[in-house]
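Engineer: Quick one: sequence plus predicted model below, questions after.
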Amino acid sequence: MSESSDKGVSLENYIEKTLRKKLGARVQRDKRSGAGSHQKMDINDYFQETPFDIEAKNHKTVAIKEWMRQAKAGASLNRIPTVVFQTDDGVLACLPFDDLVDLAVQIKDLTAELNDLRTPVVLGAQEAVEKAVAIKSNSGVSMCRNGHIVSPGSNHCLTKGCPYSSGYKPKKVKK
């Protein structure tokens, strides 16, 4: 392999390892990258565990417009065309601004949903009873008069010691 091919392969391997390590994504470097006449991406995300179609570039000169055109031409429908390139400062990524804003909105919505789920639900005693009764009536599970689960197909309580269980024996009273 030529030196330029080695540079490209090393960047593609770095991207693959980073996505696998940090996201757990099952991505792999397309070994036919750059070969053939059809458009394809350098990182293959067969299971679409990331929203990105990645074009990797490791050049001395940066040609963002040209690379972005290539990424957009090779990107699949509903995927974000992304150019990942090596510079003196490190590895950078370039993606369309609208897609970046959409990702930020998704993160904001998910964060709000998580915060909603983390807040404790405070119910009054009456509300808690009404909620429990609603759950009980919707579940299709029969209950005895003491509120225990009844055996399916019979009227016997499943709780040992309940007066409505099949094996219940009242305690003997001492005289």
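Structural biologist: Cool, the structure landed.
Engineer: Helix or strand with the lowest mean pLDDT in the chain?
Structural biologist: Here the helix or strand of the chain ranked lowest by mean pLDDT, DSSP states H and E is helix 125-139, holding a mean of 64.
Engineer: so who does residue 152 touch?
Structural biologist: Residues counted as contacts of residue 152 (C-beta atoms under 8 Å, 6 or more residues apart in numbering) are residue 142. Any C-beta I mention is one placed from the backbone N, CA and C, and that applies to glycine too.
Engineer: who's in contact with residue 54?
Structural biologist: 15, 41, 42, 43, 45, 71, 82, 83, 84.
Engineer: min pLDDT across those, which one?
Structural biologist: On pLDDT alone, residue 41 ranks lowest of these, at 83.
Engineer: and the nearest residue to it once chain neighbours are set aside, helix, strand or coil?
Structural biologist: Spatial nearest neighbour of residue 41, excluding adjacent residues (C-beta to C-beta, 6 or more residues apart in numbering): residue 53 at 4.6 Å. The three-state assignment at residue 53 reads strand, by DSSP: H, G, I helix; E, B strand; the rest coil.
Engineer: Contacts only, for the residue nearest the centre of the chain.
Structural biologist: Closest to where the C-alpha atoms of the chain average out (C-alpha atoms, centre = their mean) is residue 49, at 8.5 Å. Residues near residue 49 by C-beta under 8 Å, 6+ apart: 23, 24, 25, 26, 27.
Engineer: cutoff 7 Å now
Structural biologist: 23, 25, 26 (C-beta atoms under 7 Å, 6 or more residues apart in numbering).
Engineer: Could you list the low-pLDDT ranges of the protein?
Structural biologist: 1, 33-39, 121-126, 128-129, 131-141 (pLDDT under 70).
Engineer: Just the strands from it, written as ranges.
Structural biologist: Along the chain, counting by DSSP state E, strands occupy 28-29, 43-44, 52-57, 80-87, 90-94.
Engineer: picking up where we left off before, I'd like to know which of the contacts of residue 49 are buried.
Structural biologist: residue 25 (16 or more other C-beta atoms under 10 Å).
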